[in-house]
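K.L.:
Sequence plus predicted model, see below.
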Amino acid sequence: MPESNEEELVDDELKKAAVRVYVTCVPDPMVDNDDFWDNVRLALLGLVPLSCAELAGASEGRLRQVADESADLIAHKADVFQYQKAGQKSTGVLSALAAAIALGARQDGGITHLGIHACLEPHEGCRGS
Ligand SMILES: [Zn+2]
């Protein structure tokens, strides 16, 4: 419970700025039957809402830049990510996957990929509606 009007104002501003994000697991035979991808899915369940919040209010130019950078990183380092050796430097692919899915969540109907569904707006057939 806020103790002052200033705190109430901060709470109101936070509520106005809050991004509605719905992210859930969905059946995906490739993910369901592979421990690596199942763990990636679990990580994405946490990372995608953060990426959605980070991209909220971003300009079209910034969104395009994130899409291009994510696609480039995934295309060039996904194999290293999937077969990473102990002690090897992080590839950034997991963050890129989260950003890419967050971008897809902005589309009508959201996105379903890698065993998760993510969307920002209620839509027909969504369990989050
Ligand atoms: Zn949805």
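P.N.:
Arrived safely.
K.L.:
Tell me how far Leu103 lies from Thr112.
P.N.:
Distance, Leu103 to Thr112, using CB to CB, to the nearest Å: 14 Å. Bear in mind the C-beta positions are built from the backbone N, C-alpha and C, glycine included.
K.L.:
list the contacts for the most centrally placed residue in the chain?
P.N.:
The centroid of the chain falls nearest to Val48 when counting by CA atoms, centre = their mean (1.8 Å). Counting by CB atoms under 8 Å, 6 or more residues apart in numbering, Val48 touches Val21, Val23, Ala98, Ile101, Ala102, Ala105, Ile116, Ala118.
K.L.:
Which parts of the longest helix seen in the chain count as buried, going by neighbours?
P.N.:
Determined from DSSP state H, the single longest helix within the chain is helix 60-82. By 16 or more other CB atoms under 10 Å, the buried positions in helix 60-82 come out as Val66, Ser70, Leu73, Ile74, Lys77, Phe81.
K.L.:
likewise stretch 114-129?
P.N.:
Leu114, Gly115, Ile116, His117, Ala118, Cys119, Leu120, Gly128.
K.L.:
Closest one to the ion out of the residues you listed, please.
P.N.:
Taking CB to the ion as the measure, the ion lies nearest Cys119 of the buried residues of stretch 114-129, at 3.1 Å.
K.L.:
Save the buried residues of helix 60-82 as a markdown table, and put in distance to the ion and pLDDT too.
P.N.:
Shown next, in a markdown table, are those (distance: CB to the ion, whole Å; pLDDT from 0 to 100):
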| residue | distance to the ion | pLDDT |
| --- | --- | --- |
| Val66 | 21 | 98 |
| Ser70 | 21 | 98 |
| Leu73 | 26 | 96 |
| Ile74 | 22 | 97 |
| Lys77 | 29 | 95 |
| Phe81 | 26 | 93 |
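K.L.:
Could you identify the most distant pair in the buried residues of stretch 114-129?
P.N.:
Across the buried residues of stretch 114-129, the longest distance by CB to CB is 19.1 Å; it joins Gly115 and Leu120.
K.L.:
Thank you kindly, that will do.
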